[in-house]
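Chemist: model the structure of this input:
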Amino acid sequence: MKYCLSQYTLASIKFLAVLIASLGITVPSAMALTFDIPSNSNIVGEIQHVTVQAGDTLANIGQQYNIGGYEMVEANPKVSFLFPEPGTQLVIPSQFILPPGPRQGIVVNLSEMRLYFYHPNGKQVSTYPVGIGKDGWHTPIGKTEITRMRTNPTWVVPQSILDKHAKNGKILPATMPPGPKNPLGRHAISLGFSEKSIVIHGTPNPQGVGIRSSHGCIRMYAADIERLYSKVKVGDLVTVIHKPNKIGYIGQKIYLEAHVPLSEDLYKSQNFSQQAIQRATKLGLAATTGNLQQIKKIKNRASGIPEFIGYR
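Modeler: This is a model prediction of the structure:
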């Protein structure tokens, strides 16, 4: 039974992803996930399946479908991250319940490590995996806006990061110029959070996307940030949430998409199970013992896949 994201598991995933890169295993560019928003549903995309081939990893398979590392682990909990057995059938969790709240601008749901961009036409949504703040370097939640946009940015290293590395005997330069080793990649979108400098940006290390890997910023694959950068502007709304349990519907059917909640107290201040029940009953789900048990079962499984819980 899972209750919070294991820092050990995430660290292991990151180590294995780095190992993949060091072995020279290349990952094809991810496809863009853009969907028409249906009129009778708040669920987009569809679940896919793929057969593991020799040399595959969950990381490189996921990136081909624009799915992050931890999303692949949630959907395939019994499969080795680095050495999945050839012939194994994998689930690609490429169906998503849209996050609760206004469908405007950028919405980042930290618990699923995924960003949603609502197109200005109100008819389409694009979604991308993201890397978020690691333990001790949380990504803030709340509403803000885009305050600055830069191509080929210079990274001005925050004092907190300089101090952290100095304690470990490593002296970082105060600034890092544009180039292939710049941690911000080629595109940077600054946000207006007051507590610290938070940026949505690319990265030269794609293995850091889809896991908890940053100092609080939101990391994206290079191709994804380039797509997003071309669609947004200064002043656009950005909402960062932590909603591990999302309720969805297709016609009269109601679904629950459950993720493992983040472990810090900042993110655990709400009763996620009760919220899921309230949203489901608001849609018309009867609060029967069977329905409530199904919600609990799916929440504890936390597969990251929309699963049927009952009828409206």
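Chemist: show me what the helix or strand where residue 297 lies is packed against.
Modeler: Residue 297 belongs to helix 289-301 when assigned by DSSP states H and E. Applying 3 or more Cβ pairs under 8 Å, 6 or more residues apart in numbering; DSSP states H and E, one finds that helix 289-301 contacts strand 253-258, helix 272-282, strand 307-311. The C-beta positions use only the backbone N, C-alpha and C, and glycine is treated the same way.
Chemist: would you single out the least confident of these?
Modeler: Lowest mean pLDDT within those: helix 272-282, at a mean of 85.
Chemist: what does that helix rub up against?
Modeler: 100, 243-245, 247, 254, 256, 258, 261, 287, 291-292, 295-296, 299, 309-310 (Cβ atoms under 8 Å, 6 or more residues apart in numbering).
Chemist: and the helix holding residue 297, C-alpha only, in CSV?
Modeler: Taking Å, rounded to 0.1, in the frame of the first residue of the first chain, the C-alpha atoms of helix 289-301 are listed here in CSV:
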residue,chain,number,x,y,z
THR,A,289,-20.1,1.0,0.6
GLY,A,290,-19.1,-0.7,-2.7
ASN,A,291,-18.3,2.7,-4.4
LEU,A,292,-16.3,3.9,-1.4
GLN,A,293,-14.3,0.7,-1.3
GLN,A,294,-13.5,1.0,-5.0
ILE,A,295,-12.3,4.5,-4.5
LYS,A,296,-10.0,3.4,-1.6
LYS,A,297,-8.7,0.5,-3.6
ILE,A,298,-7.8,2.7,-6.6
LYS,A,299,-6.3,5.4,-4.4
ASN,A,300,-4.0,2.9,-2.6
ARG,A,301,-3.0,1.3,-5.9
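Chemist: outside of it itself, list whatever touches it.
Modeler: 1-2, 245, 256, 258, 272-273, 276-277, 280, 285, 307, 309-310.
Chemist: tell me the most buried of the helices and strands packed on helix 289-301?
Modeler: Highest mean neighbour count among the helices and strands packed on helix 289-301 (mean count of other Cβ atoms under 10 Å): strand 253-258, with a mean of 24.
Chemist: need the contact partners of it.
Modeler: Contacts for strand 253-258 (Cβ under 8 Å, 6+ apart): 43, 96-97, 112, 244-249, 276, 280, 283-285, 295, 298-312.
Chemist: tell me how far that strand lies from the chain's centre.
Modeler: A distance of 18 Å separates the centroid of the chain from that of strand 253-258, by Cα atoms, centre = their mean, to the nearest Å.
Chemist: before we move on, the earlier item: ChimeraX command for the buried members of the contacts of strand 253-258?
Modeler: Buried residues within the contacts of strand 253-258, by 16 or more other Cβ atoms under 10 Å, are selected in ChimeraX with:
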select :43,96,97,112,244,245,246,247,248,249,276,280,283,285,295,298,299,301,302,303,304,305,306,307,309,310
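Chemist: distance to residue 183 for the helices and strands packed on helix 289-301 - can I get that in a markdown table?
Modeler: Listed next are those as a markdown table, based on distance: least, Cβ to Cβ, whole Å:
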| stretch | distance to residue 183 |
| --- | --- |
| strand 253-258 | 31 |
| helix 272-282 | 32 |
| strand 307-311 | 37 |
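Chemist: just so I know, which of the ones you listed lies nearest residue 265?
Modeler: Evaluated with Cβ to Cβ, those place helix 272-282 nearest to residue 265, the distance being 14.0 Å.
Chemist: tell me the angle of the closest one relative to helix 289-301?
Modeler: Counting by axes from the mean of the first three to the mean of the last three Cα atoms, to 10 degrees, helix 272-282 lies at 140 degrees to helix 289-301.
Chemist: sketch out the low-pLDDT regions of the stretch 1-150 of the chain for me.
Modeler: Residues of the stretch 1-150 of the chain meeting the criterion pLDDT under 70: 1-31.
Chemist: so how far is residue 61 from the nearest residue to residue 241 once chain neighbours are set aside?
Modeler: Excluding its sequence neighbours, the residue lying closest to residue 241 (Cβ to Cβ, 6 or more residues apart in numbering) is residue 109, at 5.4 Å. Going from residue 109 to residue 61 by Cβ to Cβ, to the nearest Å gives 22 Å.
Chemist: compare these two (neighbour count), which wins?
Modeler: residue 109 (27 against 21; other Cβ atoms under 10 Å).
Chemist: for that one, grab phi and psi.
Modeler: phi -100, psi 110 (degrees, to the nearest 10).
Chemist: list the buried ones in the strand ranked longest in the chain?
Modeler: Longest strand in the chain, counting residues (DSSP state E): strand 142-151. Going by neighbour count (16+ other Cβ under 10 Å), the buried part of strand 142-151 is 144-146, 149-150.
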